[in-house]
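A.B. asks: Turn this into a structure:
(chains A and B)
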Number of protein chains: 2
Amino acid sequence: MGDDAAAVEIGPVALVTADTLVEGVHFQRDATPPRLLGRKALSVNLSDIGAMGGISRYAAVSLCLPPQLEIGWLDALYDGLLERAAEADVAIVGGNLTRAAEAIVIDVTLLGDAKTTLLRSGARPGDRIVVTGTLGASAEGVKLLAEGARLSEDGGLASSGIWTDASAAAVAACLRAQLDPRPPLALASGIAEHALARAAMDLSDGLSSDLQQMCDQSGVGAVVDGAVVPIDPAMASIEGARGGAPLWVALHGGEEYQLLLAVDPALVDELRQLGTVFEVPVTDIGEFVAGPPQIRLRDGLAERPLAPRGYDHFGATSA
Amino acid sequence: MGDDAAAVEIGPVALVTADTLVEGVHFQRDATPPRLLGRKALSVNLSDIGAMGGISRYAAVSLCLPPQLEIGWLDALYDGLLERAAEADVAIVGGNLTRAAEAIVIDVTLLGDAKTTLLRSGARPGDRIVVTGTLGASAEGVKLLAEGARLSEDGGLASSGIWTDASAAAVAACLRAQLDPRPPLALASGIAEHALARAAMDLSDGLSSDLQQMCDQSGVGAVVDGAVVPIDPAMASIEGARGGAPLWVALHGGEEYQLLLAVDPALVDELRQLGTVFEVPVTDIGEFVAGPPQIRLRDGLAERPLAPRGYDHFGATSA
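C.D. replies: Model prediction:
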């Protein structure tokens, strides 16, 4: 720190990723405890390096802050960044602080080491479509924030908004999935080490959209079995109460920061066992198939096309 | 591109830097041709890696853009980024595009190779204070933009604003220094290779402010000879016409993207010769001295303290 650039030991192959959180687009200031925001700014990048099979090593943090922002807010943001960096064994090696006109912008660039790299383009017909974790809680968290539900700085439930105490645990779980996502980094690293996936990416834009990208880049189609998609139980209980459609949220909700994998059918059991070791659910939800890069959703005996539905970004692509 | 992160060959020691340009803070949209903005977004980072003695290799570009922005603007920005990347032999390996509420934000992270690294902390009493290039044109460019002077996309003078044709060449030179800075990368690389400097940094916040930082980090004082500071001639002619103070602009103006160096007196001639090879002025402007980290300005026979005067950023620090 203090020089024009930071010198770091890395390579011979390094992974680099950069992701940005913009106030009003990715978070609302009044609904987001800054400590959790700092954690998330790092987590979304940790997820990218993890999904490539890499080990995150160094982060550079660029902050654009409006001058009237309270210093306590910035302190809490840094607390979260540093705490998450320590958890992930990442060194924050540089960055810069710039005045913003109005909206807070947090840009994190993360460098990682890679021995093998997992790409999006490796899926083959016959591979199983596998996802980690449960899906839909993070997107449900966005709705709950709009309904006044809030977490405190320490991640506890500060308010359940329009929801009664009976829903408190489910509300808190969905808010945590949105505000403090925990990508399965150790599992991802194990998958890369044991070559358990032919293609991998993180679920950031929603299953339907991310699976479409993997199909596009691998030149294959996909058939998803709606009956086995791992619907997040907390999200399902909230959606149930609002008369919603849990499967729809699980298929299209974004910001899961779980893994989407293309797996040789012979390796699915070994992958499942690895998931058990790291306490991450691993679910086989369907099959990659020969043909055009289109997704079909099996719904009982019927199959229908599943159109990718982007998350709330405008033409956003993450590299 | 297209994966969660980019895999690059680099190391064993890599340099990493990230710098951000924010609309309304670092540039005004209507006064900045987007092609030149793309060039500058890369140049300010090239300058950081160069000042550390590194060779820039890979860039990741994060853009936050308001949705109503015209696509032609984005095209021109990318043209400038790609053109500058080609000039500097840098590969753009990733990045992301995010919706902004209002202000455009361009964040570039740059990775470079380093064999030796030039730090800010190496200056010793007795070392000469050396700067490259001429100083003050970029800061004058900011004033000229406010007075309506404009460059076109190709870097030609589109309007000289309130200034007459007699000043056109000087106006254009100052605007180019501000909108399309050219850090002396080849010279910087030569300085690192031949170990011609004990400390180095780029002049981004202005000589007085950057020299103060080098003094702070090296634990030395500095005496600058006002009579030999390399005042940019275009800036001097404009400042002369407005009854201004060219030396003041040269001492405090920011965004030069030239080099500030601490040089062993025995090596100054060799450094000057290297400057001649790369057609970059190299000027010995004074001496680092033992004592507290304070700058004194020699003005004829008198010496007075020179207070660092920050450029137009709020507590901005660049790493």
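A.B. asks: contacts and neighbour counts: CA atoms only from here.
C.D. replies: Will do.
A.B. asks: number of nearby residues for the residue nearest to A:Phe27 when sequence neighbours are not counted?
C.D. replies: Spatially, and ignoring its direct neighbours in sequence, A:Phe27 is nearest to A:Leu21 (7.2 Å; Cα to Cα, 6 or more residues apart in numbering or on different chains). Using other Cα atoms under 10 Å in any protein chain shown, A:Leu21 has 23 neighbouring residues.
A.B. asks: Repeat that for A:Pro67.
C.D. replies: 14.
A.B. asks: secondary structure class for it?
C.D. replies: The three-state label given to A:Pro67 by DSSP: H, G, I helix; E, B strand; the rest coil is coil.
A.B. asks: Isn't A:Met201 up against B:Ala5?
C.D. replies: No. At 9.6 Å, A:Met201 does not count as touching B:Ala5 under the criterion of Cα atoms under 8 Å.
A.B. asks: coming back round to it: test my guess that the residue nearest to A:Phe27 contacts A:Arg39.
C.D. replies: No. Counting by Cα under 8 Å, A:Leu21 does not reach A:Arg39; the two are 11.6 Å apart.
A.B. asks: does the residue of the stretch 51-200 of chain A found nearest chain B sit in a helix, a strand or a coil?
C.D. replies: In the stretch 51-200 of chain A, the residue that lies nearest chain B is A:Asn96 (4.8 Å; Cα to the nearest Cα). The three-state label for A:Asn96, taken from three-state DSSP, comes out as strand.
A.B. asks: do the same with the one 10 residues further on
C.D. replies: Of the three states, A:Ile106 takes strand under three-state DSSP.
A.B. asks: That one - how many residues pack around it?
C.D. replies: By other Cα under 10 Å, the residues close to A:Ile106 number 20.
A.B. asks: ranges for the strands of the stretch 151-300 of chain A?
C.D. replies: Assigned by DSSP state E, counting those that start in this stretch, the stretch 151-300 of chain A shows strands spanning A:157-160, A:199-202, A:221-225, A:259-263, A:282-289, A:295-299.
A.B. asks: ok, now how distant is A:Trp163 from A:Tyr257?
C.D. replies: 26 Å (Cα to Cα, to the nearest Å).
A.B. asks: more neighbours, those two?
C.D. replies: A:Tyr257 (31 against 16).
A.B. asks: contacting residues for that one?
C.D. replies: A:Val44, A:Ser47, A:Pro181, A:Arg182, A:Pro183, A:Asp202, A:Leu203, A:Ser204 (Cα atoms under 8 Å, 6 or more residues apart in numbering or on different chains).
A.B. asks: Quick check: buried residues in stretch A:183-199?
C.D. replies: A:183-192, A:195-199 (16 or more other Cα atoms under 10 Å in any protein chain shown).
A.B. asks: From the residues you listed, pick the one nearest A:Leu65.
C.D. replies: Nearest to A:Leu65 among these: A:Pro183, at 26.9 Å, using Cα to Cα.
A.B. asks: surely the closest one meets A:Ser47?
C.D. replies: Yes. Using Cα under 8 Å, A:Pro183 is in contact with A:Ser47, at 5.5 Å.
A.B. asks: so what sits against both of the two?
C.D. replies: A:Tyr257, A:Gln258.
A.B. asks: B:Leu145 versus the most centrally placed residue in chain A, what's the distance?
C.D. replies: Centroid-nearest residue in chain A, with Cα atoms, centre = their mean: A:Tyr257, separated by 1.6 Å. For A:Tyr257, the distance to B:Leu145 equals 45 Å [Cα to Cα].
A.B. asks: Also A:Arg176?
C.D. replies: Where B:Leu145 is concerned, A:Arg176 sits at a distance of 47 Å (Cα to Cα).
A.B. asks: What are the buried residues along stretch A:259-274?
C.D. replies: Those would be A:Leu259, A:Leu260, A:Leu261, A:Ala262, A:Val263, A:Asp264, A:Val268, A:Leu271, A:Arg272, A:Leu274, for stretch A:259-274 by 16+ other Cα under 10 Å.
A.B. asks: Could you dump those residues into JSON lines with pLDDT and distance to chain B added?
C.D. replies: What follows is the buried residues of stretch A:259-274, written out as JSON lines (pLDDT from 0 to 100; distance: Cα to the nearest Cα, whole Å):
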{"residue": "A:Leu259", "pLDDT": "98", "distance to chain B": "11"}
{"residue": "A:Leu260", "pLDDT": "98", "distance to chain B": "12"}
{"residue": "A:Leu261", "pLDDT": "98", "distance to chain B": "13"}
{"residue": "A:Ala262", "pLDDT": "98", "distance to chain B": "14"}
{"residue": "A:Val263", "pLDDT": "98", "distance to chain B": "17"}
{"residue": "A:Asp264", "pLDDT": "98", "distance to chain B": "20"}
{"residue": "A:Val268", "pLDDT": "98", "distance to chain B": "23"}
{"residue": "A:Leu271", "pLDDT": "98", "distance to chain B": "21"}
{"residue": "A:Arg272", "pLDDT": "97", "distance to chain B": "23"}
{"residue": "A:Leu274", "pLDDT": "97", "distance to chain B": "22"}
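A.B. asks: Can you tell me the SS state at the residue nearest to A:Val90 when sequence neighbours are not counted?
C.D. replies: Leaving aside its chain neighbours, A:Val90 sits nearest to A:Arg57 (4.7 Å; criterion: Cα to Cα, 6+ apart). Assigned with three-state DSSP, A:Arg57 falls in the strand class.
A.B. asks: which residues are in contact with both of A:Met201 and B:Ala5?
C.D. replies: A:Asp48, A:Met52.
A.B. asks: Looking at the two, which one has more neighbours?
C.D. replies: B:Ala5 (34 against 30).
A.B. asks: Report the beta-bridge partners for the closest residue to the more buried one other than its chain neighbours.
C.D. replies: In space, and not counting its chain neighbours, B:Ala5 is closest to A:Thr17: 4.6 Å by Cα to Cα, 6+ apart. Residues in a beta bridge with A:Thr17, per DSSP bridges, are A:Leu110.
A.B. asks: Is there a neighbour count for A:Thr17? I'd like the number.
C.D. replies: A:Thr17: 31 neighbours (other Cα under 10 Å).
A.B. asks: Contacts only, for it.
C.D. replies: A:45, A:48-49, A:109-111, A:319, B:4-6, B:60, B:94-95.
A.B. asks: I'd like the distance between it and A:Asp48.
C.D. replies: 7 Å.
A.B. asks: quick one: common contacting residues for the two?
C.D. replies: With Cα under 8 Å, 6+ apart as the test, A:Thr17 and A:Asp48 both reach B:Asp4, B:Ala5.
A.B. asks: Roughly how far does A:Leu203 sit from A:Val22?
C.D. replies: For A:Leu203 relative to A:Val22 (Cα to Cα), the value is 19 Å.
A.B. asks: out of these two, which sits in the busier spot?
C.D. replies: A:Leu203 (27 against 22).
A.B. asks: residues touching the more buried one, list them.
C.D. replies: A:Asp210, A:Gly254, A:Glu255, A:Glu256, A:Tyr257, A:Gln258, A:Leu259, A:Leu260.
A.B. asks: Swap in 10 Å and give it another go.
C.D. replies: For A:Leu203, the contacting residues are A:47-48, A:51, A:131-132, A:135, A:183, A:209-211, A:253-261, by Cα atoms under 10 Å, 6 or more residues apart in numbering or on different chains.
A.B. asks: Let's see which of those residues end up in helices.
C.D. replies: A:Ser47, A:Asp48, A:Ala51, A:Ser209, A:Asp210, A:Leu211 (DSSP state H).
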